[in-house]
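Trainee: Build the 3D model from these lines:
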Amino acid sequence: MAQLADMTVPVSDEVLDGWLSAAGLRRTVATRAVLRLFVAHPSWLPTHAEVEAVLQQQGVEVNRVTLYRLLDRLASVGLLARHVDEVTRAWRFALAASGSVDAERDASGVVPRFECDACHRQFRLTDASPPTQAVADQLLKTLASLGHQGQRVDLSIHGTCNVCVEPASVGKQAAG
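Mentor: As a prediction, the model looks like this:
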C-alpha cells in the first residue's frame, strides 16, 4: 500500500460525476471512491483484491462481486485500462488515457507507458507520444489491410523502475 502515497491529486465530486455521466455510468459512492483512487494515484496498477483492501481501509463498503463488476465497467467505458500481469496472470487496472481524465493523451489516444514488473506502478511516457504516432498509425493500417478494425493501440514497456532498481544496486555494491 506504500505505492498510494506517491501522488495525490484532488478531484471534486462534480468532476467525477461529469466523467461518469459522460460514460453513462451511475454516480454512486462506490463508483466515485474507486475512480478517485485511480485519479489520485495515476501510477498505481492494482488488482481487484488490492482495490478492495484500500477501499476497506478507507471505510468504503463494497461487495466483492460488485467491485469486480464496477472495475470491469469502468474499463469497458474507457475510464480505466485493464492489463494482464504477466507473472501472476491477474488483471491489473490503471487510469486510462482518456480525453476527459488525462490531458496528456495525444490525438490518437496513444500514450505509451512503462510498467515496473517489481512494484506494478505505471508511468506514462508522454514525451514519447509524437514518435509513437507513426508506429500506431502503421499498426492500424496493417490491421485495416487485413480487413480488421483496430480501435486503439496500447504500447507498454516492461522493466524495473528506478525505485525498485535502487535496493538491488545497493545490495550489489555492499557485496562487492
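Trainee: how far does the longest helix anywhere in the chain sit from the chain's center?
Mentor: Ranked by number of residues, the top helix in the chain under DSSP state H is helix 129-145. Mean-position distance between helix 129-145 and its chain equals 22 Å (Cα atoms, centre = their mean, to the nearest Å).
Trainee: Over to stretch 34-45?
Mentor: Distance of stretch 34-45 from the chain centroid (Cα atoms, centre = their mean) equals 8 Å.
Trainee: ok so, going back, any idea of the mean pLDDT for the longest helix of the chain?
Mentor: Averaging pLDDT along helix 129-145 yields 79.
Trainee: List the pairing partners of the helix or strand following it within its sheet, with orientation.
Mentor: Once helix 129-145 ends, the next helix or strand along the chain (criterion: DSSP states H and E) is strand 156-159. Within its sheet, strand 156-159 is paired with strand 113-116 (parallel), according to DSSP bridges.
Trainee: The partner strand - what's its average pLDDT?
Mentor: 78.
Trainee: List of residues touching that strand?
Mentor: Contacts of strand 113-116 with the rest of the structure, by Cβ atoms under 8 Å, 6 or more residues apart in numbering, involve 45, 83, 94, 121-125, 155-161, 163-164. For the C-beta atoms, the positions are set from N, CA and C on the backbone; glycine is no exception.
Trainee: which of the residues you listed are buried?
Mentor: Taking 16 or more other Cβ atoms under 10 Å as the criterion, what is buried in these is 45, 83, 94, 121-122, 124, 155, 161.
Trainee: Save those as CSV, and put in pLDDT, distance to residue 141 and secondary structure too.
Mentor: CSV is the format used below for the buried ones among the contacts of strand 113-116 (pLDDT from 0 to 100; distance: Cβ to Cβ, whole Å; DSSP: H, G, I helix; E, B strand; the rest coil):
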residue, pLDDT, distance to residue 141, secondary structure
45, 86, 30, coil
83, 81, 25, strand
94, 85, 27, strand
121, 72, 33, coil
122, 71, 27, strand
124, 69, 25, strand
155, 75, 16, coil
161, 86, 33, coil
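Trainee: Just give me the closest of those to residue 35.
Mentor: Checking those against residue 35 with Cβ to Cβ, the nearest one is residue 94 at 12.2 Å.
Trainee: tell me the contacts of that closest one?
Mentor: Counting by Cβ under 8 Å, 6+ apart, residue 94 touches 38, 42, 44-45, 80-81, 83, 113, 122.
Trainee: Perfect, that will be all.
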